[in-house]
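Engineer: Coordinates for the following, if possible.
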Amino acid sequence: MISDYGLQNNEWFKRLYGLKEMWSTALNKEYFSAGILSSQRSESTNHAMGFQATKTTSLTDFYHIYEGTVKRWRDEEERKEFNCIRSTPTSVYPLVDLLQHASQVYTIELFRLFEKEFVVAMGTRAVILSTENSVLLYGVDPPGVSGSTHHVTFDCVNNMVECSCRKFQEIGMLCFHILRVFHMHSVNEIPTTYILRRWTKFAKREVWSRILPNDMRRAVANGALNWRRCVMTKLYNLIAKCQNDPDARGIVDKLYSTANDEVQQLFKDKMSSEPEPVLDATAVLDPIRSVTKGRSKRKPSSVGKKKRSKKGSNNVASNAELYTPVPRLI
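Structural biologist: Predicted structure coming up:
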């Protein structure tokens with residue numbers, strides 16, 4: 001377009017062409033995006049919220065709808081995580097070793113995507129183009145499509161593979177070109193290098209494994225872990241010994257009340273001995289209220305003003321500021 005229309009000196013076109021890696025899908029394959037386009041982020045958010053604001057909608061209404069949406073997302077995530085950990089997805093196709101390994105590693109949704117890629121791979125045609133030591137170069141054509149050959153470089157010794165479509169670099173999942181080459185060389189498992197942790201069943205387990213050991217090490221360093229185990233054993237034996245004698249139970253209850261009061265007093269003394277934090281006396285005022293586009297310029301009615309219904313039996317508040325529309329969740 002620049003050469004055809006003589007736009008070499010156009011500043012806007014020059015700047016746009018200088019940022020071509022950021023908006024051209026053919027040039028940003030090297031960047032991981034999980035297959036999500038910039039426009040899809042806003043579209044998916046609008047679809048998930050399902051919220052249409054009006055001129056009477058308040059911030060409180062939006063908060064309640066947003067809170068309900070987040071709760072629904074988390075419940076759905078917990079349900080899917082439970083299904084992924086407790087079950088293994090099945091397939092209508094014979095589970096060869098590669099598919100079997102994918103069903104054990106990936107989540108159910110990712111396995112379905114992997115299954116589609118594998119089925120397409122079985123219908124492709126792979127031709128070897130060149131060989132150099134243990135590195136083989138293949139040309140893979142998709143079924144029924146001509147002129148869209150992708151080159152796959154495969155290292156037989158190290159199981160290292162690379163495809164010109166760059167799907168793994170962009171999405172984090174192997175393409176059908178690579179799966180076709182793997183199937184030809186009887187690769188039974190997906191190499192660990194090409195398994196993204198975020199797509200596996202145990203993605204969250206790694207996060208908790210990084211958090212829990214820190215708390216455990218802190219408890220062991222303070223001696224709290226061993227002390228807790230010893231005290232729990234002693235108290236359990238004492239309770240089992242006194243459970244059938246009312247007088248013995250009374251002694252245990254009295255000792256518990258005394259110990260509880262002393263511990264509470266100890267913590268209260270420690271808190272009073274600590275220096276009080278210096279509070280910032282800066283006054284926080286309400287923000288300046290701005291008139292939004294489409295908002296009615298008519299002044300709202302007074303709070304105390306009431307009107308009688310048509311039947312004349314009930315009174316309802318007519319203040320527009322107090323009216324709260326019913327949230328609509330989708």
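Engineer: going forward, measure contacts and count neighbours with C-alpha atoms only.
Structural biologist: Noted.
Engineer: Next, work out how far apart residue 142 and residue 62 are.
Structural biologist: Using CA to CA, to the nearest Å, residue 142 is found at 47 Å from residue 62.
Engineer: These two: who's more crowded?
Structural biologist: residue 142 (19 against 16; other CA atoms under 10 Å).
Engineer: Would you mind confirming that that one makes contact with residue 127?
Structural biologist: No: at 11.9 Å, residue 142 does not count as touching residue 127 under the criterion of CA atoms under 8 Å.
Engineer: quick check, residue 128 in a helix?
Structural biologist: No: under the criterion used here (DSSP: H, G, I helix; E, B strand; the rest coil), residue 128 is strand, not part of a helix.
Engineer: Check the secondary structure at the residue nearest to it when sequence neighbours are not counted for me.
Structural biologist: Nearest residue to residue 128 in three dimensions, chain neighbours excluded: residue 138, at 4.4 Å (CA to CA, 6 or more residues apart in numbering). At residue 138 the chain is in strand, as set by three-state DSSP.
Engineer: what residue ranges in the stretch 201-330 of the chain score low on pLDDT?
Structural biologist: 205-223, 225, 274-330 (pLDDT under 70).
Engineer: Correct me if wrong: residue 143 contacts residue 119.
Structural biologist: No: taking CA under 8 Å as the contact criterion, residue 143 and residue 119 are not neighbours in contact, 10.9 Å apart.
Engineer: Geometric centre of the chain: which residue is closest?
Structural biologist: residue 77 (8.5 Å; CA atoms, centre = their mean).
Engineer: ok, it to residue 71 distance?
Structural biologist: Taking CA to CA as the measure, residue 77 falls 10 Å from residue 71.
Engineer: mean confidence score for whatever helix or strand residue 183 lives in?
Structural biologist: Residue 183 is located in helix 176-184, with elements delineated by DSSP states H and E. Mean pLDDT, helix 176-184: 89.
Engineer: what's the answer for stretch 75-93, then?
Structural biologist: Taken as a whole, stretch 75-93 has an average pLDDT of 82.
Engineer: Go through it and flag the buried ones.
Structural biologist: Neighbour-count burial for stretch 75-93 flags 80-81, 84, 88-89 (criterion: 16 or more other CA atoms under 10 Å).
Engineer: which intervals of the stretch 51-200 of the chain have sub-threshold pLDDT?
Structural biologist: 51-53, 144-147.
Engineer: any chance of the buried residues of stretch 75-93 in TSV, plus distance to residue 18 and secondary structure?
Structural biologist: TSV is the format used below for these (distance: CA to CA, whole Å; DSSP: H, G, I helix; E, B strand; the rest coil):
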residue	distance to residue 18	secondary structure
80	43	helix
81	43	helix
84	44	helix
88	48	coil
89	46	coil
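Engineer: now, which of these sits nearest residue 183?
Structural biologist: Closest approach to residue 183 among those (CA to CA): residue 89, at 20.8 Å.
Engineer: what sits against residue 252?
Structural biologist: The contact partners of residue 252, taken as CA atoms under 8 Å, 6 or more residues apart in numbering, are 239, 242.
Engineer: and it, that one's in a strand?
Structural biologist: No: membership of residue 252 in a strand is not supported by three-state DSSP, which gives helix.
Engineer: Distance of it relative to residue 261?
Structural biologist: In terms of CA to CA, residue 252 sits 14 Å off from residue 261.
Engineer: Turn the buried residues of stretch 75-93 into TSV, including distance to residue 32.
Structural biologist: As requested, those are exported to TSV (distance: CA to CA, whole Å):
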residue	distance to residue 32
80	24
81	24
84	24
88	28
89	27
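Engineer: Strands along the protein, start to end?
Structural biologist: With strands called from DSSP state E, the chain shows them at 125-132, 135-141, 150-155, 160-163, 306-308, 315-317.
Engineer: which one of these lies closest to residue 29?
Structural biologist: Nearest to residue 29 among the strands of the chain is strand 160-163; the distance by CA to CA comes to 11.3 Å.
Engineer: Neighbours of residue 166, how many?
Structural biologist: Neighbours of residue 166 using other CA under 10 Å come to 20.
Engineer: Return the distance of stretch 160-167 from the chain's centre.
Structural biologist: Distance, stretch centre to chain centre, for stretch 160-167: 26 Å (CA atoms, centre = their mean, to the nearest Å).
Engineer: Endpoints of that stretch, how far apart?
Structural biologist: 15 Å.
Engineer: mind listing what's buried in it?
Structural biologist: 161-163, 165-167.
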